[in-house]
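Trainee: this one's structure only:
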């Protein structure tokens with residue numbers, strides 16, 4: 001699990017760094033990296049849920065699991081938002097909020113993973 005967590009952190013850091021770097025280089029990396037980062041973190045979350053309760057797990061992980069309801073609510077709001085006419089981008093405002101919330105949550109999850117890796121290393 002320690003090797004998985006180390007690899008997971010490295011992948012997350014690479015994807016987080018590529019987002020602003022892509023903007024500076026004027027390449028369209030932000031959205032693909034954000035989506036890929038979300039998938040990597042979703043897989044990581046599911047792996048950690050499957051791993052069960054461990055002494056090195058951070059209590060922040062429970063907070064993060066509750067925070068996952070925020071993007072779900074924003075996606076539902078965007079889907080249910082009615083457009084005013086055929087040229088209206090219904091739900092665009094919610095998706096912009098989702099992008100901001102997702103970036104903050106991605107950093108929060110990275111911090112959780114780093115804290116857990118440090119705890120895991122101390123216990124050896």
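Mentor: Alright, I've got the coordinates. Every value quoted in this text rests on a predicted model; they were computed, and no experiment measured them.

Trainee: Run a quick neighbour tally on the closest residue to residue 38 other than its chain neighbours.
Mentor: With CB to CB, 6 or more residues apart in numbering as the criterion, residue 38 has its nearest non-adjacent residue at 6.3 Å, and that residue is residue 102. C-beta coordinates here come from the backbone N, C-alpha and C atoms, glycine included. Using other CB atoms under 10 Å, residue 102 has 18 neighbouring residues.

Trainee: And the helix or strand residue 14 falls within, what does it pack against?
Mentor: Applying DSSP states H and E as the criterion places residue 14 in helix 2-24. In terms of contacts (3 or more CB pairs under 8 Å, 6 or more residues apart in numbering; DSSP states H and E), helix 2-24 is packed against helix 30-51, helix 92-122.

Trainee: for the record, mean pLDDT for that helix?
Mentor: The predicted model assigns helix 2-24 a mean pLDDT of 87.

Trainee: State the distance from the residue nearest to residue 38 to residue 109.
Mentor: 10 Å (CB to CB, to the nearest Å).

Trainee: shaky segments in the protein?
Mentor: Judged by pLDDT under 70, the chain has its weakly predicted residues at 83, 85-90.

Trainee: Nearest to the spatial middle of it, which residue is it?
Mentor: In the chain, the C-alpha closest to the average C-alpha coordinate belongs to residue 106, at a distance of 3.5 Å (CA atoms, centre = their mean).
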